[in-house]
Every structure is written in C-alpha cells, then in structure tokens.
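1. Build the 3D model from these lines:
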Amino acid sequence: MIVFHEPSEVPPGFGPCIVAIGKFDGVHSGHRAVIDRARVSAAEAGARVVAVTFDRNPLSLLSPGLCPEPLSSLDQKLGLLADAGVDATLVLRFDDALAALEPREFVELVLVHALHARRVMVGDDFRFGRGGAGDPALLTALGTEHGFAVDVVGDVQGGGRRVSSSWVRDLLAAGDVEGAARLLGRPHGVQGEVVHGLKRGRELGFPTANLATDAEGFVPADGVYAGWLIDLGPTGAPTPSTTRYPAAISVGTNPTFDDVPVRQVEAYVLDETGLQLYGHRVHVQFTHRVRGMVAFEGIDALIAQMDADVAEVRRLLS
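-> Next up, the predicted model:
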C-alpha cells in the first residue's frame, strides 16, 4: 500500500480514485464495510481505492478533554488498512491549518486536485471543514459541482447497537477481548519492542517477553489472557518476520510483589525454551480472558495459579 502524508505528495495523474474518508481507529467491521463498498466501486470503474485519514484523532486538537485513547497507533492503522485491500492512504496532519479549512477548500484540495475522486464513501455522521460545517449533504452538493458521486454508508449493527470504536474500547476496558474481536473481525493486539524486565517470571519458571511501556495499541483490562505472540524480528529489520507462538499474557502491575510502577504487558510463550526476543518487535494478540489480576499470598500459591493459567491457555488455544 502506498502512503502519502500530504496532498502535495500525490503524483499528478494518480487518479481516478474511489475514496473512503474516516478516522478508521481500529479499522473495525463498520470501517471495513465502507472500504469493501469502495473496493467494489473501484473494480467497476477501474480506479484505485484510497483511504483518507488523519495522523491523530481530531479531538486531540479540537477538544483534548474529550479525546479517547486510540485503539491503534498510526502504524497499526496503516497495516490494517492495507490488509483491508486499500491501494493507498493519504494521512492528513490534523493541525490548526487543516482545522481552519472551509469545507469547499478541503474538498478541492484533497478530493479534487490531489485524488481526482470519482466517488467518495463516508459514514452518515461524517463532518468536515472548519467547525465541522460540512456534512454528507454539503459533500454531495460539492461532488455534483466537481464531478464525483457521494455514497453515505449506513452503520453496521451488532446486537441492536451501532458498531463503533467507542464500543470496542469499552469492551477492552472491561477485559472482554472476545466481544471486541467480534466487532473488529479479528483479535485485538498491541505491539512494541521486547525489553528487559525484572526477570521474575524466569525465576518462577515462566520467562516472559516484556513489552516496552510505549507499546502501540489499546491495552485491555488487567488480567491474564490467552493469545498469540507474533515475532516481527529485530527492531528496524528491513523485512519483518511473522513467526507466531501461543502465549499466556499478563497485563497489570504485578500486585503479588507490588514492584512494577506502571501497567505492563508480558507474554509467556508456551513450549519454547531459549527463545531470544530482546530487541525484537512483537505483536501480541488477545483471544480469551482467563482471569482478573489478583495478589497471591506467597510464591507457591502464585506458581500453582500460573500452572493452572498455562493449562487453561493451552486448552483455549487448542
């Protein structure tokens, strides 16, 4: 997938394009419904599928107090858009200059001059331009003037509720990774570099890969999870690997020892000895929640529970 970081990077004659616009946080099933519709339209028109998104949630600038924690980092989002079949993504830097554009200016800069849009896909809650003055009706009118059609894609419903990034976030915050996966269409994951920890897991017989505290992606509620660790290879490697291992995953602050100041994600890879992951980037996927995080009275009780956790993880992943 080609990535452009401003409209001027799009080469002349790049279009025609079928464009899907949105924040695409998490690229959940609702987002993919928009992208799938764009792909069908592009196949019929012999055009490219282009996603237009932002480098951050616009609320981080417009109303920071209301801005939620993102489900995915920009890099994760770009990977998910590529997996969804997008040919190119234009990532707009959401700053004061972009926020100040009038709706017409936004359309002409991005959709007309840069992308030569033939058709534009948006959700019914789409707003654009200074102060959110633009809506699908105005976009349709501007499209008629500039020669592109507009499709307003209705919400994807799940259990009588609109599928949204907020709903996914609520489920993850409650530890319901299975419910989140149903909305996402895949297990939720976080990724980051494996760093040295206190090595307490190794001392207890369960060596873990500890993710750096700046790991990308929304970290679910404290607890123990079943899932997968995908080794992406050494940080900075030109061609990432994708070796996948079953794993028991812990999220929290190690309450038994009370010596971890911030929440951390650590994964114990099942049935692997001598695995060297320090300095590697890994993707950790959460498939099932095993239990919440509790403090144990003594190391023997903790080890017994860890044995039970690993057995349950093995059963869930079999």
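2. contacting residues for the one residue sitting closest to the centre of the chain?
-> Centroid check for the chain by CA atoms, centre = their mean gives S72 as the closest residue, at 2.9 Å. Taking CB atoms under 8 Å, 6 or more residues apart in numbering, we find S72 in contact with 25-27, 80, 216-218. For the C-beta atoms, the positions are set from N, CA and C on the backbone; glycine is no exception.
3. Buried among those? Make that a ChimeraX selection.
-> Per 16 or more other CB atoms under 10 Å, the buried members of the contacts of S72 correspond to this ChimeraX selection:
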select :25,26,27,80,216,217,218
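4. Which strands and helices lie in contact with the host helix or strand of L171?
-> Taking DSSP states H and E as the definition, L171 sits inside helix 165-173. Other elements packing on helix 165-173 under the criterion 3 or more CB pairs under 8 Å, 6 or more residues apart in numbering; DSSP states H and E are helix 177-184.
5. Next, the angle helix 165-173 makes with the helix it packs on.
-> 160 degrees (axes from the mean of the first three to the mean of the last three CA atoms, to 10 degrees).
6. what ranges do the strands span in the chain?
-> For the chain, applying DSSP state E gives strands covering 2-4, 17-21, 48-54, 88-92, 117-123, 149-153, 157-158, 161-162, 188-195, 209-211, 223-234, 243-252, 264-269, 280-291.
7. Would you reformat these as JSON lines and include distance to R130?
-> Shown next, in JSON lines, are the strands of the chain (distance: least, CB to CB, whole Å):
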{"stretch": "strand 2-4", "distance to R130": "23"}
{"stretch": "strand 17-21", "distance to R130": "16"}
{"stretch": "strand 48-54", "distance to R130": "15"}
{"stretch": "strand 88-92", "distance to R130": "14"}
{"stretch": "strand 117-123", "distance to R130": "18"}
{"stretch": "strand 149-153", "distance to R130": "20"}
{"stretch": "strand 157-158", "distance to R130": "32"}
{"stretch": "strand 161-162", "distance to R130": "27"}
{"stretch": "strand 188-195", "distance to R130": "34"}
{"stretch": "strand 209-211", "distance to R130": "40"}
{"stretch": "strand 223-234", "distance to R130": "40"}
{"stretch": "strand 243-252", "distance to R130": "41"}
{"stretch": "strand 264-269", "distance to R130": "40"}
{"stretch": "strand 280-291", "distance to R130": "38"}
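8. Please work out which of those is packed deepest.
-> Of these, the one with the most neighbours on average (mean count of other CB atoms under 10 Å) is strand 17-21, at a mean of 28.
9. Give the pairing partners of that strand; include direction for each.
-> strand 48-54 (parallel), strand 117-123 (parallel) (DSSP bridges).
10. Out of the ones you listed, which gets nearest to V290?
-> With CB to CB as the criterion, V290 lies closest to strand 48-54 of these, at 34.6 Å.
11. now the angle from that closest one to strand 88-92?
-> Using the same axes, to 10 degrees: strand 48-54 against strand 88-92 is 20 degrees.
12. Would you mind pulling the contact partners of strand 48-54?
-> Among residues not part of strand 48-54, those counted as contacts by CB under 8 Å, 6+ apart are 14-24, 35, 38-39, 42, 77, 81, 85-94, 110-111, 115.
13. Dump the strands paired with strand 17-21 to JSON lines, plus distance to D155.
-> Formatted as JSON lines, the strands paired with strand 17-21 follow (distance: least, CB to CB, whole Å):
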{"stretch": "strand 48-54", "distance to D155": "18"}
{"stretch": "strand 117-123", "distance to D155": "7"}
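14. Nearest to I230 among these would be which one?
-> Judged by CB to CB, the one of these that comes nearest to I230 is strand 48-54, at 23.7 Å.
15. so how far is the closest one off the chain centroid?
-> Strand 48-54 sits 16 Å away from the centroid of its parent chain (CA atoms, centre = their mean, to the nearest Å).
16. So for it, mean pLDDT?
-> For strand 48-54, mean pLDDT is 97.
17. now stretch 107-125
-> According to the model, stretch 107-125 has a mean pLDDT of 94.
18. And stretch 158-176, by the same measure?
-> 92.
19. ditto for stretch 59-67
-> So the average pLDDT for stretch 59-67 ends up being 92.
20. Okay, now the unreliable bits of the protein?
-> Applying pLDDT under 70 to the chain picks out residues 198-205, 239-241, 255-261.
21. So it: which segments form each domain?
-> The chain is divided into the following domains under automatic domain parsing: 2-158, 188-317.
22. and of the strands paired with strand 17-21, who's closest to R314?
-> Of all the strands paired with strand 17-21, it is strand 48-54 that lies closest to R314, at 38.8 Å by CB to CB.
23. Please name the residues that touch N57.
-> Going by CB under 8 Å, 6+ apart, N57 touches 23, 25, 67-68, 70, 94.
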